[in-house]
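**Q** Sharing a sequence plus its predicted fold:
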Amino acid sequence: MEFKDYYRILGVDRKADGKAIGEAFRRLARQYHPDVNKDPQAAERFKEINEAYQVLSDPQKRARYDQMLELRERGGPWEQVFARPGGGPRQEEWTVVFGGPQDLLGGFSDFFRRFFGDLTAVDPFEPAARTAGPLTTTAEISLEEAFRGTERELLVRNGFPRRVKVRIPPGVRTGQKVRVRGAADGEDVYVEVRVQPHPLFTREGDDLVCELPVSLTEALLGAEVEVPTLDGKVTMRIPPETQNGQTFRLRGLGMPRLRGGGRGDLLVRVKVVLPQRLTPEERRLVEQLARLRRENPRAAMGLK
């Protein structure tokens, strides 16, 4: 079985903290997301990036992976050690089947399924789980699923297997829990939702934030540009002399509100992309502009 070097896949150091791992994932996800990159191999690369993030962003999975990596580097029997019970889903316990009627683990490699598949759920039939408090498991969903709502299934394996559908409502946030009444032999189960990072949008409450690259001429002269939303593309007018970092609010294009109805807004933050590899004529024109506008934007700071 091929060993997956998740640190290499994300391009981060083994000592990288959660912030660095998240930044690396978002950068690569923007580059290889199938909605952005139409290269046929981009989808497979995106899956690989997502799989690496699933492991390295989760403290429990990352701890197991680091132990496995250390044992492998010492020449130890890492496959035998970590593939034993506790290194893969066991038939007598219950797990969460992700992706509604299909198993999200099917989108991951055999390496992930074999060594990390058992870390996706809690066994509610263990005495420790019953005495510790409410029975809780987790479900990871995409931002698109959080936007539209989705379904998951609890696969209860305790004697005769049975499935219990869980409806996750539109607008759910990371950390919120969905209650499934009587799912574990009459006891309620709480499914804690974890919304995965998105390559284009970040979330602030019910609002979404999107960074939109525009050219220097578009920022100076104004332009009509396309803006991505979770509903599809919309057109927005960039006014003349728009500044780098300026934010525009598109009302009602954010996430659904769980209470009260309606939706949040989409905040579009402009990122002015400066031209590179200027031609001699372009450079001459920029020099002419510099002579016409002798400005010092650092003057207010007392700097030249």
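**A** Structure received.

**Q** Listing request: residues of the stretch 51-200 of the chain with sub-threshold pLDDT.
**A** In the predicted model, the stretch 51-200 of the chain carries pLDDT under 70 at residues 83-107, 117-134, 155-162, 184-186.

**Q** tell me, what residue is most central in the protein?
**A** Within the chain, one residue has its C-alpha closest to the average C-alpha position: by Cα atoms, centre = their mean, that is P197, at 1.9 Å.

**Q** surely that residue meets G22?
**A** Yes - judged on Cβ atoms under 8 Å, P197 makes contact with G22 at a distance of 6.4 Å. The way it works is simple: take the backbone N, C-alpha and C, and place the C-beta from them, glycine included.

**Q** Need the residues touching each of these two.
**A** Shared contacts of P197 and G22, defined by Cβ atoms under 8 Å, 6 or more residues apart in numbering, are found at Y53.

**Q** Mind jotting down where the strands sit in the stretch 101-250 of the chain?
**A** Assignment of strands within the stretch 101-250 of the chain using DSSP state E, counting those that start in this stretch yields the ranges 135-141, 150-156, 162-168, 177-184, 187-195, 201-204, 207-215, 223-229, 232-238, 247-250.

**Q** Looking at the ones you listed, which is nearest to L292?
**A** strand 207-215 (20.5 Å; Cβ to Cβ).

**Q** Break this structure into its domains for me.
**A** The record's domain split for the chain, according to automatic domain parsing, is 1-82, 87-197, 201-293.

**Q** Tabulate these (JSON lines), appending distance to G302.
**A** Formatted as JSON lines, these follow (distance: least, Cβ to Cβ, whole Å):
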{"stretch": "domain 1-82", "distance to G302": "33"}
{"stretch": "domain 87-197", "distance to G302": "40"}
{"stretch": "domain 201-293", "distance to G302": "21"}
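
**Q** Among those domains, which comes closest to M301?
**A** Once the domains of the chain are compared by Cβ to Cβ, domain 201-293 is nearest, at 17.1 Å.

**Q** The closest one: end-to-end distance?
**A** End-to-end distance of domain 201-293: 36 Å, with Cα to Cα, to the nearest Å as the criterion.

**Q** just stretch 145-165 next, same as before
**A** 15 Å.

**Q** how about stretch 231-250: buried residues?
**A** Buried positions in stretch 231-250, judged by neighbour count with 16 or more other Cβ atoms under 10 Å: 238, 242, 246, 248, 250.

**Q** er, stretch 23-30 actually
**A** 24-26, 28-29.

**Q** Return the subset of these lying in strands.
**A** Judged by DSSP state E, the subset of the buried residues of stretch 23-30 located in strands is empty.

**Q** so where do the helices sit in the chain?
**A** Under the criterion DSSP state H, the chain contains helices at 6-10, 18-32, 42-56, 59-73, 78-82, 110-116, 127-132, 143-148, 216-221, 280-292.

**Q** So which other helices or strands are in contact with the first one?
**A** Read it as helix 6-10. Counting contacts by 3 or more Cβ pairs under 8 Å, 6 or more residues apart in numbering; DSSP states H and E, helix 6-10 is packed against helix 18-32, helix 42-56.

**Q** Out of those helices, which is the most enclosed?
**A** Sort the helices and strands packed on helix 6-10 by mean neighbour count, taking mean count of other Cβ atoms under 10 Å, and helix 42-56 sits at the top with a mean of 20.

**Q** And the nearest residue to A43 once chain neighbours are set aside, how far from Q246?
**A** Leaving out its chain neighbours, the residue that sits closest to A43 by Cβ to Cβ, 6 or more residues apart in numbering is P34, at 4.7 Å. Separation of P34 from Q246 (Cβ to Cβ, to the nearest Å): 30 Å.
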